[in-house]
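Visitor: Would you be able to build a 3D model of this:
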Amino acid sequence: MTAPATDRMPVLYLSHGAPPLADDVLWTRQLARWSAALPRPRAILIVSAHWESAPLTIGATHPVPLMYDFWGFPEHYYRVTYPAPGAPELAARVRALTGAPGTPVHEDPARGLDHGAYVPLKEMYPEADIPVLQISMPTLEPQRLLALGRRLAPLRDEGVLIVGSGFFTHNLSGFSWGSSPQDAPGWSKEFDAWGEEALRTGDIDALLDFEHASPSGRIAHPRTEHFAPLFVTLGAGEDQLTGQRTVIDGFWGGLAKRSIQVG
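Guide: Numbers count the residues shown, from 1 in each chain. Here you go, the predicted structure:
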């Protein structure tokens, strides 16, 4: 049973894996249990590692086909559907909160949810009955994404679940299908442990400078797009960071799947 609604929604950062996440019994169970413990959102706003577009761009506000933005997988992964309702009212609120003179907000009405959005949502809200809106990351600069999260924070008081979707470590050269968590590469374990400590102690300055402040940061994230959504989450939950907690941890194919909740 879904937890009852409260006055303010939490904000999440989750590691979204890849389409075969759907076949992972443990991970799917973890995501389902997580969503069951959350207040039921009126709508979901998601920022995925797989959509970078400047200026900030609002995706489809009515149901359109998913984006199967991956290659070389078995055919059944390309037949997955997630017909969640659109969220035009949420899109209008995002536009109002983030737009300003000299800071335009674009729209891409044909852009459906990418796998960074629908893969975890299908496990968390399989009925696809909650309106979902995806927006782009307009930059990979941590400070600017933190500021974006701050601007979006009022949505939490309107029943909106804000989700940053990435992967806590993401170097595909170290990915190994079927490997045990104990066999995760040293750089992935080091970065995960460092990140857990930085989050636990609220060391936002270190997290913002993760490429330099962390051990193996540039190995764990040769490109930073999968860590970047975390900063939207931290900005949206800035006033409650002392209460953030890890909900899912461990490794998948050697990559850290740490996922957190603020609030």
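
Visitor: In the chain, where is pLDDT below threshold?
Guide: Along the chain, segments meeting pLDDT under 70 span 1-6, 178.

Visitor: residue with max distance from the center of it?
Guide: Using CA atoms, centre = their mean, the residue of the chain lying farthest from its centre is residue 101. It sits 28.1 Å away.

Visitor: Return the distance of it relative to residue 113.
Guide: 31 Å (CB to CB, to the nearest Å). Just so you know, the C-beta spots here come from the backbone N, C-alpha and C atoms, and that holds for glycine as well.

Visitor: secondary structure element for the residue nearest to residue 235 when sequence neighbours are not counted?
Guide: In space, and not counting its chain neighbours, residue 235 is closest to residue 149: 2.2 Å by CB to CB, 6 or more residues apart in numbering. According to DSSP states H and E, residue 149 maps onto helix 142-152.

Visitor: Pull the contacting residues for residue 176.
Guide: By CB atoms under 8 Å, 6 or more residues apart in numbering, the contact set of residue 176 is 183, 253, 254.

Visitor: could you flag which of these are buried?
Guide: Among these, those buried by neighbour count (16 or more other CB atoms under 10 Å) are 253, 254.

Visitor: between the contacts of residue 176, which is nearest residue 125?
Guide: Taking CB to CB as the measure, residue 125 sits nearest to residue 253 out of the contacts of residue 176, at 24.7 Å.

Visitor: these two touch, right, the closest one and residue 181?
Guide: No: at 9.8 Å, residue 253 does not count as touching residue 181 under the criterion of CB atoms under 8 Å.

Visitor: Could you confirm residue 260 falls within a strand?
Guide: Yes: with DSSP: H, G, I helix; E, B strand; the rest coil as the criterion, residue 260 is assigned to a strand.

Visitor: What is the neighbour count of it?
Guide: 27 (other CB atoms under 10 Å).

Visitor: ditto for residue 219
Guide: For residue 219, using other CB under 10 Å, the count is 18.

Visitor: Any chance of the backbone angles for it?
Guide: Dihedral pair for residue 219: phi -90, psi -40, per degrees, to the nearest 10.

Visitor: distance of it from residue 210?
Guide: Residue 219 is 12 Å from residue 210, by CB to CB.

Visitor: and if you look at residue 150?
Guide: 19 Å.

Visitor: which secondary structure elements does the longest strand along the chain contact?
Guide: Longest strand in the chain, counting residues (DSSP state E): strand 43-52. Here strand 43-52 touches helix 88-98, helix 115-124, strand 132-137, strand 160-166, helix 229-236, going by 3 or more CB pairs under 8 Å, 6 or more residues apart in numbering; DSSP states H and E.

Visitor: how about a markdown table for the ones you listed, with distance to residue 154 and mean neighbour count added?
Guide: Formatted as a markdown table, the helices and strands packed on strand 43-52 follow (distance: least, CB to CB, whole Å; neighbours: other CB atoms under 10 Å):
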| stretch | distance to residue 154 | mean neighbour count |
| --- | --- | --- |
| helix 88-98 | 6 | 17 |
| helix 115-124 | 22 | 25 |
| strand 132-137 | 15 | 25 |
| strand 160-166 | 9 | 28 |
| helix 229-236 | 9 | 28 |
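
Visitor: want to throw the ones you listed into TSV with distance to residue 38?
Guide: TSV is the format used below for the helices and strands packed on strand 43-52 (distance: least, CB to CB, whole Å):
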stretch	distance to residue 38
helix 88-98	17
helix 115-124	8
strand 132-137	15
strand 160-166	7
helix 229-236	14
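
Visitor: Among those, which comes closest to residue 33?
Guide: That would be, of the helices and strands packed on strand 43-52 and by CB to CB, helix 115-124, which comes in at 9.5 Å.

Visitor: now that closest one against helix 229-236, angle please.
Guide: Computed with axes from the mean of the first three to the mean of the last three CA atoms, to 10 degrees, the direction of helix 115-124 lies at 70 degrees from that of helix 229-236.

Visitor: Run the chain-centre distance for helix 115-124.
Guide: Once both centres are worked out by CA atoms, centre = their mean, to the nearest Å, helix 115-124 turns out to sit 10 Å from its chain's centre.
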